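Undergrad: sequence-free structure coming up:
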């Protein structure tokens, strides 16, 4: 489903990824462990094709980094859900519109949007806060909005870049529980983290990357 | 594609980036106003020159010895010449009356006779009201037997012909320059707007929006700014012209076509500048 084949990536002449090869299967939950600057985000960016390898190849479902065209990228991204440490919510619209945004850009009908948004908001337990703005929400709630936005298009995988990085322990656990639940429903999760607490508490396959090199599993 | 979503986003851009919207629209209003000043000046100069040209007359003096019959024959020959709009016959008596009107004295009381020749006053068709045509027509008429002399305001018409092109070219250059400046101003303001909203673009990209979908609200916003700017410029021009007519120069001409030109320019400048700036921003996914 996601495959990295001998991926080398250089940015401005510095090596970011060095001969990375791994595979993530359907429905898997995988941690991507490593210190800051180790290359975790670069790996995620390769998956949503925001960045291409200098050498090697990344395959995501039917798309290959070697062949994907500019026009295919939106369609690849609609199959992925991406969440970040800084949530990346739009501050000028409420919770409902932030989540609906991901459907609107695909041209969904307004009835379908209402139904789906309410379904995912209920799933992350934010249905009652649909009219609130991001600034009125706690960090954990904002991340839950981001998760709702990520799952609304029924992605096959959630790419989570340090999703608990800005949250306290209790809230981190809440977010982890939601990700676990999504995973149990069949969606794969690839989560970049350097939190030892989370890695200890949740037992999943872990890829460790340091200085752009993937350690043996 | 959700049409209303795009339109709504385009309009929302206005309230989200109020300052840059204000700067964009102001610069469009200012430039379009300047453009319209040049258009109005050109229009008025053009109309003034047309009036001058329409006053161009060739006066054909007939040999004094010619009889009325012969004069009629001369008229028939003149009639056949291409490019004439009007032929008026001034008999010797008419010429004497004109003299009296111009100088206030009867020619008979000064000279005891009337030496003034009969003449034809010719007006040229619009397309022949220039130095070259006047010259050709004059030389053709001069060849007719019985025609003593043909005179017209040769100097004036040559000056108009020589300078009009420079005037038009200068006007066009200034207008092109102004359009370019407006375009660059708006292009950069929209780039700033885009930069200010890079978060929304980034999220659009992440959730799988196509480039065309991302571009559209910005282009709509640009068009709106252009058209609104044109609207304000039209209002400003209208009132400025009213004031000038009332207090400065009552003969100033303003045609509705100028408003149409401003709207077309506003639309095009808004469309092209926003399309180009968003395209530059979206070169990569």
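TA: It's in. Values in this document were obtained by computation on a predicted structure and should not be read as measured data.

Undergrad: Residues contacting the helix ranked longest in chain A, please?
TA: Within chain A, and with DSSP state H defining each element, the longest helix by residue count is helix A:169-184. Applying C-beta atoms under 8 Å, 6 or more residues apart in numbering or on different chains, the set of residues contacting helix A:169-184 from outside is A:27, A:29, A:123-124, A:138-140, A:143-144, A:147, A:151, A:158, A:160, A:163-164, A:167, A:189, A:191, A:195, A:197-198, A:201-202. C-betas here are computed from N, CA, C, even on glycine.

Undergrad: List only buried entries from those.
TA: Buried residues within these, counting neighbours by 16 or more other C-beta atoms under 10 Å in any protein chain shown: A:29, A:123-124, A:139-140, A:143-144, A:147, A:151, A:158, A:160, A:163-164, A:167, A:189, A:191, A:195, A:198, A:202.

Undergrad: In strands, which of the residues you listed appear?
TA: A:29, A:158, A:160, A:189, A:191 (DSSP state E).

Undergrad: Check whether the host helix or strand of residue B:24 comes into contact with chain A.
TA: When elements are assigned from DSSP states H and E, residue B:24 belongs to helix B:18-54. No: judged by C-beta under 8 Å from any C-beta of the partner chain, helix B:18-54 makes no contact with chain A; its nearest approach is 12.3 Å.

Undergrad: Now that helix: buried residues?
TA: Neighbour counts using 16+ other C-beta under 10 Å place B:20-21, B:23-25, B:27-36, B:38-40, B:42-43, B:49, B:53 of helix B:18-54 among the buried residues.

Undergrad: And stretch B:87-107, by the same measure?
TA: In terms of neighbour count (16+ other C-beta under 10 Å), stretch B:87-107 has its buried residues at B:89-90, B:92, B:95-96, B:99, B:107.

Undergrad: Spell out which residues of chain A are next to chain B.
TA: Applying the criterion C-beta under 8 Å from any C-beta, the portion of chain A that neighbours chain B consists of A:48-50, A:70-71, A:73-78, A:82, A:88, A:90, A:92, A:101-102, A:104-108, A:149, A:153.

Undergrad: which of those residues are buried?
TA: The neighbour count (16+ other C-beta under 10 Å) marks A:48-50, A:73-74, A:76-78, A:82, A:88, A:90, A:101-102, A:104-106, A:108, A:149, A:153 as buried among the residues of chain A next to chain B.

Undergrad: rewinding a little: with respect to pLDDT, which of the buried residues of stretch B:87-107 ranks lowest?
TA: Within the buried residues of stretch B:87-107, pLDDT reaches its minimum at residue B:107, with 80.

Undergrad: ok, that residue to residue B:94 distance?
TA: Separation of residue B:107 from residue B:94 (C-beta to C-beta, to the nearest Å): 12 Å.

Undergrad: what are the ranges of the strands in the chain?
TA: Answering for chain A, as no chain was given. Going by DSSP E, chain A shows strands at A:2-11, A:14-24, A:29-33, A:55-60, A:63-64, A:80-84, A:157-161, A:188-193, A:205-210, A:213-214.

Undergrad: was after chain B, sorry
TA: B:57-62, B:84-90, B:119-124, B:147-151.

Undergrad: now the angle from the shortest one to strand B:119-124?
TA: Angle of strand B:147-151 versus strand B:119-124, following axes from the mean of the first three to the mean of the last three C-alpha atoms, to 10 degrees, is 50 degrees.

Undergrad: Ok, the longest one next?
TA: Here the directions of strand B:84-90 and strand B:119-124 differ by 160 degrees (the same axes, to 10 degrees).

Undergrad: Give the pairing partners of strand B:84-90; include direction for each.
TA: In the sheet containing strand B:84-90, the strands it pairs with under DSSP bridges are strand B:119-124 (antiparallel).
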